[in-house]
Structure formats: C-alpha cells, structure tokens
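[1] I need the structure of the sequence given here:
(chains A, B and C)
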Amino acid sequence: MNIASIVVDVPARQIDKPFDYLIPDHLIGVIQPGMRVIVPFGPRKIQGFVTGLKETSDYKQLKALIEPMDLTPVLNNELLALGDWLTETTLCYKISAYQVMIPPALKAKYEKKLKLSSTANLEELPFDIQSIFNNQDTVSWEEAVKLSSLSFLQKEAAEGNIEIQYIVKDRVKKKKLKAIYSLLSKEQLSFEKENLPAHVVKQKKVIDFFLHSDSPVEMRELLSALGVTTSVIKGLIQKKILAEMEIEVYRDPYEDRNFTRTEPLPLTEDQENSIRPILASIEENKNETFLLYGVTGSGKTEVYLQSIQKVLQDGKEAIVLVPEISLTPQMVRRFKGRFGDQVAVLHSGLSVGEKYDEWRKIQRQEVKVVVGARSAIFAPFQNLGIIIIDEEHETSYKQEENPKYHARDVAIQRSIKHNCPVVLGSATPSLDSYARAQKGVYKLLAMPKRMNNQSLPAVEIIDMREELRDGNRSMFSRTLLEKIKDRLEKKEQIVLFLNKRGHSSFVMCRDCGYVVNCHNCDISLTYHRFNQLMKCHYCGYEAAAPKHCPECNSEHIRYFGTGTQKVEEELSKILPEAKVIRMDVDTTSRKGSHEKLLDQFQEGQADILLGTQMIAKGLDFPNITLVGVLSADTMLHLPDFRSSEKTFQLLTQVSGRAGRHELEGEVVIQTYTPEHYSVELAGEQDYRKFYAQEMIVRKIHKYPPFYYISLITVSHEELLKAVSVTEKITAYIQSKLSKDSICLGPVASPIPRINNRYRYQCLIKYKREPELNKSLKKMLDNYQQEIISGGLQISVDVNPFILM
DNA sequence: AGCACGCCGACT
DNA sequence: GTCGGCGTGCTC
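    So this is what the prediction gives:
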C-alpha cells in the first residue's frame, strides 16, 4: 500500500477526482485515509485529503506526496463516505464536501514566497535583486512583484538566483501554554534548597511550592501564586532544578461561567408518551425518524435531554442541532447544566480557534454531546446514539452555498450508518416533514398541551386597513397601544416583533414614483438612519440618502416600510417613559451583546423588547404577557412558494413567547391581509388546519411535498447570453425528463440582476427522476469551458429553499 | 484555481 | 528584435 489516492484543494470540475501519489518509504504506515496531506500539484504545493490507499495506479509518472498535516485522520471512514454522498446528492466538488465537514481552522492557508538561492552569492547578484530582498533571505511574492516585474523574477528564477517557495499552513495553531515542572525528586529538591545561600529567598519559595506539587504548573499561575517574576524561575531552570514545557490547552468559550447542575424533571403525560418510542428506538438500535410535534411551551427540550441521558448511559453520543439564532446562552445552559463538561458547543459566534478546540474535544472522544448550528451535524463521533434537530422547520438548516446541503438529510443519512434514531422537533413542523409523518415515513409524536396546562395565549388580529380608514396613521393600532400602556402600568413585559431591521425598506418620490434602486442590482436600496446611507443588501453598494428626487428634483421624498430603528424612535415619542431594548443584527453584532441585552431584559431593566427574527425563538421569560407583531405580512408577498408557510410559522413562534408561566399571555397581530389563511390560522394557532389548507395549494401548483424541485440559475454580464444559455439548458433537461416531470424556463430570477450580472433560471419539478443528477452533471460539464473563460456562472440547487 | 506555454501586436 | 497582452491546456 504505497500509493495514496488524494482529492486536492482545487475547486474545479476537471480536478474533482482523486489523484494518485507515491507515499515515501518513511511515511508508509503513517499515511491513512482521511488525513490531510501536502502534495505537489503542477509547480505548486497544495493541501489534499487522502481518500484511499492502493498498490498500483493507472497513472505512470507518479509524484510523491510531501508530508501529512495531521497525526490522526480528520475524517473517519464514515465521514469520507458521507462526503461522497454529499457530492452525489448536492452536485458539489468532493473537496468542498470534505472541507465543510471539518472546522475552518483546518482549511489550508497558502503563501507564496521568494527565496534567495542557497548557492547564489549575494554580492554577485544583480542590484535589483538585492534591493528586493533588502538583506532578508525571503520576501513575499506580492511584495516582490510590486517592487520589480513578473518577467524579471521569472528570468532570475530560471537562472537559479532565486527560487519560488510554496508554503501550506493550517489557519490556526493549537493554543499552547508554558508550564513549569520539577526535574528532581522531593528529596533532591529539599537538598538543593538547603544548599542555596540564605539570601536567595524567592527561589526557595518556588522550590517550596514544588515540594508540595507533583504535576507541571502553568507559568502564569505559578507567577501569580507566589508573587515572583520570570527571572526567578529562569534562574532555577538554569540550575537544572526546574524545566519548561509546553502544554496544549483548549480555548474555552464558556471558561468563566458556572452552570448549575440540573436534574431530570418529572415528565407530563404528553412528554411521557413521546419519549417512550424514542427510548425504545435507542434501546433497540433502530434507525427511525421521529417528528416531535409539540406546541410552544410543551417541553420538547426536556424530552431531548432525557433521550440524550439514555444514549449516554448506553455509552453512545448525541448531536443536537439548534438554529443559529436560538443558540443562546439560555439554550447552552440547559445542556451544560444537565450534562456538564460532556458537552461541546459549536456556533458562529465562536472564533475560528475556539471552534477548532470544541471540534477536537469531539474528535478525541472527550465529550459525548454536541450542541450546535447546522455544520455540527458533521461532528466526528464514532458511536452516535441519537440526532436531534430542534425547530426542524427552520430555513437556516439549508446551506445556501456549496455544498448546498440540508442538515436534516445529512442527519438521516448518518443515522442509517449508526443505526440510531433522529428526532425532528417543532411547534410548527415544515410541511415536508409533517407530510412524511402522515405517510408514515416519519413517526409522529404529538404534544398538544403546554406544560402545567397553561392555555395558549389569546390572539387578536387587527386589520390595519381599518385603522387607516379611521384616521390612525401610526404603526401602532389603538388596541395594541392600549395594551402596551396597560402592561407598562402593571409592570409586566412586552415583546414587539418586526421582521425588518434598519430604518425603512425603500425610498420613493411621492411626486413621480421614482424608487431608489441599486446601480448594480435590480433591488431597492435600504435606508440606514444612523449613518444616513442607502445600502444594498446584495452587493454592499452604498450611497448617500437623497434630499431631492434624482428624477424630478421634487423634495417629497418618502421613506416607506418600517424597520426596527424607526419603531424605536416612534416608541420613544409616544411612550417616553417606556424603556426599550432593541435587538437586531445591528445591535447584537458585537460578541456577547446578544446575551447582555437578554440579561438586561430578564432582570427587568426594560419594559419592551423590540426585535426581529432572533427574538421569535427560545425566549422564555415569565414576565412577558404581551406579544405584538407589528406587521404580519412582510414575508407574505415574497415570490416564494413557502412564504405562507414561513408566515404561519413565524407568527405562531412569536405568539408562543407570551404567557409561558403563571401569568396569562396575550398576542396582538397587526396585518393588512387579515383574511389570508396563514395569518388567520396563526391567530387560531391551528397547525393542522393550516397544514390541510396549504397542502391543497401545494398540490394545485405542483410544489413540495408533492413534487421535488431543483433550480438552475444561470448568470452572465450580458442579458442575452444569460437568456440563451438558460434556454438551451432548459431544452436539454426537458429532453431528459420523463413525461410526468415539468421543466419551467427560462424565466428571470426574482432578483433579475445582482452585481451587474443578469440572472435567469430554470425550475424542474418532478416526482421521480433517478437520472436527473446525472443529466445535471453532464450539463455542467458541457458548459465547463464557458464557465472558466466565458464569464458564465451556473448554480444548481437540488431541493432549494429559496427560489431567488 | 493557478500556472506555464505560446502566439500576436506595440514599442524601446 | 523584445516586452507584455491574453487564450489554451494541464495539474497524479
């Protein structure tokens, strides 16, 4: 086995296959599948993943790999196979599939440098070279090109005066600390101490310390404990009494936090009935998927916790996925509280280094449970006993970049390999999952009652058109305002929800109707008040907010649509006594600010919590008795077949924040379309009715869960090129489909232009097309040349979540 | 993706 | 003549 098949770090179609390399003699037996290695590739050096070992290769002139980047494989056999599966199902490159499974810290960093040839004599070299190197023996390539010219460097390299160096590195190093330990036995230490002159007080103090300590001590600790400086320690090291070593430590994001231990709670009847089949499944090593449908406040988390407990008792591991925005400290506390330091946490708030360390704890089997966002589904456990996906309907489980995978699909795929159950939990299951539960593909577990039998909050729907007719032009209906005032008086807390950050969604001239659009994209600019700028959320374009209409020069510029910033301003005007905390991307971008704001709210430092999406989930504060949804329809009119579903889910989730404890809760939903079934049924909190209604709509329009869909998006700087390519693709795919399938296109994408590229798409709807992925791959191969050199981009999304 | 190689026009 | 532009093809 002296040949390794290696997938190299080049995301391109032609390179998307294993390359064979010789394993140098001294590395035979060391190199294993799943390891990262450095290999020569053309003139450079790059990273690659070993996918297999073999005796022979069809390729004649093999190069030898250079060295491994890991001591143990970063991908085990299961994950390597999972990578192949990802490649097949999402049509991504193998390398992208492997990269997504490991922490970003392990992604290679490349450096290109120029080095003076060891044989060259500095004095004899041309003056130009001396000035580039400026007495150093290496400089960065970029620096050198700036100081001279490409051709000059090439010529000098050819003559052997300089050489090009390619360096492959990890992005993050392991964190190491200096520690001090004793080289001598206790007796020898005492002896040395006696021999020291009387005035050497500090060194004696240090020796005393080691007379009572056997293990190495962290340098920092030692210094602060004894009040000495490094020079004292250095003296002892020189005398060969002590020695220095480096110990590897984890960066602990939750270092200075104490988690109070919690014990399993007694279960309600609902919980009892739901957990029984899950426990049985764990017991019998059965591969089953459960849909745990429990209303908000029904206690799904306790079911998760006790299921995990069972898994741990059996000596197995658990993965818990939680949507990024509800991966709050509150949530972490619940898991760490129950399982202590057996829990690793993975989310985007961690630094690259912290993520790496949490991942290593999993890899080294030092933890048994991982709680994390989407990518935690790839946690390198060996003995999975359960996978839990909380809020399974959340769209953030679908990755929108390559590989465009859905964590739910990956979870099920992994559960097959591990013979373990998957639990999908939600108060508002996705239509797809609920339909599968209805068909018996998933096992439905229902928890229709809240714990302690609290009733679900009463919901009132307010027709904002009527308010307008009655002359109320503010963003608060009279009912909502009244109720807010009432709660302020009673010192109870209020949550106001608005699905839009910033200030206004678009800016229009009232005289001529001109809307300020982005120069590069076909989308209106969003006004941000604090810096008086108009921003494009797609390409980042910024412009000053106009004072006059750019078209007709009128001064009647109006800001339409309401964002959280604007609501905050308005609140301070009409209810100056109310203390408001605003939570959106803008106020929580700093590390830890999310937690701080929530803590403030919990401690009662504010009356009103005003926020976007991120407050819709997981909040569980006893004093919240009123939830106001300022505008229920913001997502309803998006060009997306799931917009009704998303609206219903969001409204139901937000409503669930009210009255979770002793105090009764109330919800006010303001809307311009009260007659829409997703608003109406969210008001009634009737999931099953909504499901029935929405299924009819999906069936008529041939959308999931009745049909699968795949979306091809073509983009090009020239409109005609984009259209013509999409046209050809549509025709080609159409010819490969069976009669029952539908291929729609070419149509302009909902955002027809982003960053000066025109976008056209083709939508495929099908029930069964086992050959579709093959056809799509062939199509991509066919356009390979134009993608590389013709400025063409083609993206394929199998089971897309957003159709933009 | 990078990088070398090669072929063509513009210039010291 | 040569420098430097970019189109083409290869990377175990």
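[2] how near is the residue nearest to residue A:630 when sequence neighbours are not counted to residue A:613?
    Nearest residue to residue A:630, sequence neighbours excluded (C-beta to C-beta, 6 or more residues apart in numbering): residue A:498, at 4.5 Å. Heads up, the C-betas are built off the backbone N, CA and C, glycines and all. Applying C-beta to C-beta, to the nearest Å, the value for residue A:498 to residue A:613 is 10 Å.
[3] neighbour count winner among these two?
    residue A:498 (25 against 21; other C-beta atoms under 10 Å).
[4] surely that one and residue A:631 touch.
    Yes: contact status for residue A:498 versus residue A:631: in contact at 6.5 Å, counting by C-beta atoms under 8 Å.
[5] between the two, which contacts overlap?
    Jointly contacting residue A:498 and residue A:631 under the rule C-beta atoms under 8 Å, 6 or more residues apart in numbering are residue A:562.
[6] ok so, going back, how close does the residue nearest to residue A:630 get to DNA strand C?
    Distance of residue A:498 to DNA strand C, given as C-beta to the nearest atom of the strand, to the nearest Å: 49 Å.
[7] what sits against that residue?
    Listed by C-beta under 8 Å, 6+ apart, the contact set of residue A:498 reads A:562, A:563, A:564, A:567, A:610, A:611, A:612, A:629, A:630, A:631, A:634.
[8] can you list contacts of stretch A:129-147?
    With C-beta under 8 Å, 6+ apart as the test, stretch A:129-147 has contacts from A:111-116, A:122, A:148, A:153, A:156, A:161-162, A:164-165.
[9] which of the residues you listed are buried?
    Listed as buried from those are A:113, A:114, A:116, A:148, A:153, A:156, A:161, A:162; burial here means 16 or more other C-beta atoms under 10 Å.
[10] one step back: narrow the contacts of residue A:498 to those in strands?
    A:610, A:611, A:629 (DSSP state E).
[11] the closest residue in space to residue A:655 that isn't next to it in sequence: which element?
    Closest residue to residue A:655 apart from its sequence neighbours, by C-beta to C-beta, 6+ apart: residue A:667 at 4.4 Å. Using DSSP states H and E, residue A:667 maps to strand A:666-671.
[12] which other helices and strands does that strand contact?
    Judged by 3 or more C-beta pairs under 8 Å, 6 or more residues apart in numbering; DSSP states H and E, strand A:666-671 is in contact with strand A:458-463, helix A:478-490, strand A:624-629, helix A:643-655, helix A:677-684.
[13] name the strands paired with the third one and say parallel or antiparallel.
    Read that as strand A:624-629. strand A:493-497 (parallel), strand A:666-671 (parallel) (DSSP bridges).
[14] contact partners of the longest one?
    When contacts are defined by C-beta under 8 Å, 6+ apart, strand A:666-671 is touched by residues A:457-464, A:476-477, A:479-480, A:483, A:625-633, A:651, A:654-655, A:658-659, A:679, A:682-683.
[15] redo the strands paired with strand A:624-629 as TSV? Include mean pLDDT and mean neighbour count.
    Shown next, in TSV, are these (pLDDT from 0 to 100; neighbours: other C-beta atoms under 10 Å):
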stretch	mean pLDDT	mean neighbour count
strand A:493-497	92	25
strand A:666-671	93	25
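[16] for DNA strand B, which of these is the nearest?
    Shortest distance between DNA strand B and the strands paired with strand A:624-629, using C-beta to the nearest atom of the strand, is found for strand A:493-497: 42.0 Å.
[17] neighbouring contacts of the closest one?
    Strand A:493-497 is contacted from outside by A:484, A:487-488, A:567, A:601, A:604, A:606-612, A:615-616, A:619, A:621, A:623-630, A:654, A:657-658, using C-beta under 8 Å, 6+ apart.
[18] what's the weakest-modelled helix or strand in chain A?
    Here the helix or strand of chain A ranked lowest by mean pLDDT, DSSP states H and E is helix A:127-133, holding a mean of 76.
[19] so which bits of chain A are right by DNA strand C?
    For chain A, the contact set with DNA strand C under C-beta under 7 Å from any atom of the strand comprises A:10, A:12, A:14-15, A:19-22, A:39-42, A:57, A:59, A:61-63, A:149-151, A:789.
[20] take the residues you listed and keep only those in helices.
    Among those, the members found in helices (DSSP state H) are A:150, A:151, A:789.
[21] out of those, which comes closest to DNA strand C?
    residue A:151 (3.7 Å).
[22] and chain A, which of its residues are near DNA strand B?
    Residues of chain A lying near DNA strand B (C-beta under 7 Å from any atom of the strand): A:10-12, A:14-15, A:42-44, A:112, A:154, A:164, A:166, A:788.
[23] so which pair among these is furthest apart in space?
    Spatial extent of the residues of chain A next to DNA strand B (C-beta to C-beta) is set by the pair A:11 and A:154 at 26.9 Å.
[24] and the residue of the stretch 351-500 of chain A nearest DNA strand C?
    Here the residue of the stretch 351-500 of chain A nearest DNA strand C is residue A:402; by C-beta to the nearest atom of the strand that distance is 18.5 Å.
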